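Engineer: quick one, what's the 3D model for this:
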Amino acid sequence: MKNRAMDVQHPFFLPLWRRIATVALCLGWAGLELSWGNPLWATLFAAVGVYCAHQFFIAFDPEAIRKKHPDEGGSS
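Structural biologist: Model (predicted):
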C-alpha cells in the first residue's frame, strides 16, 4: 500500500486554493527558518515547497485523481 502521508495527488488538493496555500506555507516557513538562522530547516522546507509546487502545478492531473479516488468525492 502506498504511503498516504506523502500522496500529494489526492482529492483533498483538487481546489486550487489548497494547492497555493500549501506551497505558500512551505516556502513561507522556509523563509522564516532562514531569517531565524536555521539553514538546515530552511532548506528542508524549501525542498518540500518546491516539490509540492512541481506536483501541484506541473504534474497535477485532476482527471487522473478523480479516476484513482472515485469514492472520495473530488468535486470540491
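
Engineer: list the buried residues of stretch 13-31.
Structural biologist: 13-14, 19, 22-23, 26-27, 29-30 (16 or more other CB atoms under 10 Å). (Each C-beta comes from the backbone N, C-alpha and C, glycine too.)

Engineer: how about the helices in this protein?
Structural biologist: In the chain, the helices defined using DSSP state H lie at 16-35, 39-57, 62-68.

Engineer: quick one on the thing from earlier: among the buried residues of stretch 13-31, which two are most distant?
Structural biologist: With CB to CB as the measure, no two of the buried residues of stretch 13-31 lie farther apart than L14 and A30, at 25.0 Å.

Engineer: pick out the residue nearest the middle of this structure.
Structural biologist: C52 (3.8 Å; CA atoms, centre = their mean).

Engineer: now it: closest residue in space, sequence neighbours ignored.
Structural biologist: V23 (5.1 Å; CB to CB, 6 or more residues apart in numbering).

Engineer: the one you found contacts F56, correct?
Structural biologist: Yes. V23 lies in contact with F56 (CB atoms under 8 Å); the separation is 6.3 Å.

Engineer: need the pLDDT of the residue lying farthest from the centre of the chain.
Structural biologist: The C-alpha centroid of the chain is most remote from G37, which lies 24.7 Å away (CA atoms, centre = their mean). G37 carries a pLDDT value of 98.

Engineer: got the contact list for the least confident helix or strand in the chain by mean pLDDT?
Structural biologist: Ranked by mean pLDDT, DSSP states H and E, the weakest helix or strand in the chain is helix 62-68, scoring a mean of 92. Applying CB atoms under 8 Å, 6 or more residues apart in numbering, the external contacts of helix 62-68 come out as 9-11, 13-14, 74.

Engineer: mind putting these in TSV, pLDDT and distance to A42 included?
Structural biologist: Shown next, in TSV, are the contacts of helix 62-68 (pLDDT from 0 to 100; distance: CB to CB, whole Å):
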residue	pLDDT	distance to A42
Q9	89	26
H10	90	26
P11	93	31
F13	95	24
L14	95	29
G74	52	34
